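> Okay, structure incoming, though there's no sequence with it:
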Ligand code: SF4
């Protein structure tokens, strides 16, 4: 670090009492190269039973001054050339609209080459945010939201304690699209277990068709230690039952069943959307492309997997681990 930056770092440290930026707990894989700035800590919902993210800490909102201090420190440590920034943790909109706009403007003033600023958000927050405020956030420079839809099926969403149903997912997605921000939706294959896979996929396709998001990122339900749905799961004992809430059980979907889910979904989607399988939980990472034009190519990938699984040349683990 040169003399000028060292002097500025000392000044920021003395003024703010901070030496290094706070760490963002989790970010989407597509933000691997992004600069990470923590706007809030943890998740305010924390009830989805397949999720063990943020287990260790309570939710809290950081002050604008704290966040700005981290932006200044990041600028000094990494320089002004960042092209993308991800605002953690679970939902930057929970900062409040005006504080978020202040943070966004400050970020853009510090990093003039920014092409993208993104955050997670949830239907719970989005559906309580007036459309005019979403547009203001977009104008202040938040360019993309990552939304974990996971399923469009009311029963599956309820049994997984997602806190919203399919129609709320549609409303939230449409609000983001109408704001002009880019929208990354996430679907979690296997979330309905073997018993509810058809309704899970049917209604997820219906919701996605109603939203027509820019991106669809595929995930697969994977064993996450500490997540309530895996409370009675016993990989070594072969007990692959998912616990449902408030009651009941479902059988973990097989790799063959996951393939069928993805094939059915791809056939049912009537969207103009980039599909990616950019997560370690996925069995079929090569399934990626743009719908509708790459549909057949993506289905061919699944055909090859199916052949390989049938003749034993491809062996997939019965349980995926969330890493
Ligand atoms: S899946 Fe998302 S909204 Fe649900 S508990 Fe985990 S972090 Fe919170």
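Structure's in. What do you need? Every value quoted in this text rests on a predicted model; they were computed, and no experiment measured them.
> and for the one helix or strand residue 100 maps to, what are the contacting residues?
Assigned by DSSP states H and E, residue 100 belongs to helix 97-110. For helix 97-110, contacts defined as CB atoms under 8 Å, 6 or more residues apart in numbering pick out 37, 39, 64, 67-68, 71-72, 75, 80, 85, 87, 92-93, 95, 114, 117, 129, 133, 136-137, 140-142. For every residue, glycine as well, the C-beta is placed using N, CA and C.
> Of those residues, which are in range of the ligand?
Among the contacts of helix 97-110, no residue is within reach of the ligand (CB under 6 Å from any ligand atom).
> Of the residues you listed, keep whichever come out buried.
Among the contacts of helix 97-110, those buried by neighbour count (16 or more other CB atoms under 10 Å) are 37, 39, 64, 67-68, 71-72, 75, 85, 87, 92-93, 95, 114, 117, 129, 133, 136-137, 140-142.
> And the helices in the stretch 151-300 of the chain, which stretches?
Per DSSP state H, counting those that start in this stretch, the stretch 151-300 of the chain carries helices over the ranges 154-159, 166-179, 197-211, 255-268, 295-311.
> buried ones in the third one?
Translated: helix 197-211. For helix 197-211, the neighbour count (16+ other CB under 10 Å) marks 197, 199, 200, 201, 203, 204, 205, 206, 207, 208, 210, 211 as buried.
> wait, isn't the third one in contact with residue 191?
Same thing as residue 200. Yes - with contacts counted by CB atoms under 8 Å, residue 200 reaches residue 191, the gap being 5.9 Å.
> Overlap in contacts, the two.
Counting by CB under 8 Å, 6+ apart, the common neighbours of residue 200 and residue 191 are 151, 156.
> So what touches the worst-scoring helix or strand of the chain on mean pLDDT?
Scoring the helices and strands of the chain by mean pLDDT, DSSP states H and E places helix 3-16 at the bottom, with a mean of 90. With contacts defined as CB under 8 Å, 6+ apart, helix 3-16 is touched by 1, 18, 19, 65, 66, 69, 72, 73, 76.
> Looking at these, which is nearest residue 238?
Checking these against residue 238 with CB to CB, the nearest one is residue 66 at 48.0 Å.
> State the three-state secondary structure for the closest one.
For residue 66, the assignment made with DSSP: H, G, I helix; E, B strand; the rest coil gives helix.
> so how far is residue 210 from it?
Separation of residue 66 from residue 210 (CB to CB, to the nearest Å): 38 Å.
> Then residue 292?
In terms of CB to CB, residue 292 sits 16 Å off from residue 210.
> what does residue 296 give?
In this view, residue 296 and residue 210 are 24 Å apart by CB to CB.
> Contact partners for residue 194?
Neighbouring residues of residue 194 by CB under 8 Å, 6+ apart: 250, 251, 252, 253, 254, 257.
> Can you pull the phi/psi pair for the fourth one?
Comment: the main-chain dihedrals of residue 253 come out as phi -60, psi 140, following degrees, to the nearest 10.
> quick one: the closest residue to it other than its chain neighbours from residue 10, how far?
Leaving aside its chain neighbours, residue 253 sits nearest to residue 190 (3.9 Å; criterion: CB to CB, 6 or more residues apart in numbering). Going from residue 190 to residue 10 by CB to CB gives 52 Å.
> Pick out whichever of these two has more residues nearby.
The neighbour comparison of residue 190 against residue 10 (other CB atoms under 10 Å) goes to residue 190, with 25 against 11.
> Quick check, pLDDT for that one.
pLDDT for residue 190: 98.
> What of residue 309?
Here the pLDDT value assigned to residue 309 is 98.
> count of residues packed around it?
17.
> isn't it right up against residue 257?
No - the criterion here is CB under 8 Å, and residue 309 misses it with residue 257 at 11.4 Å.
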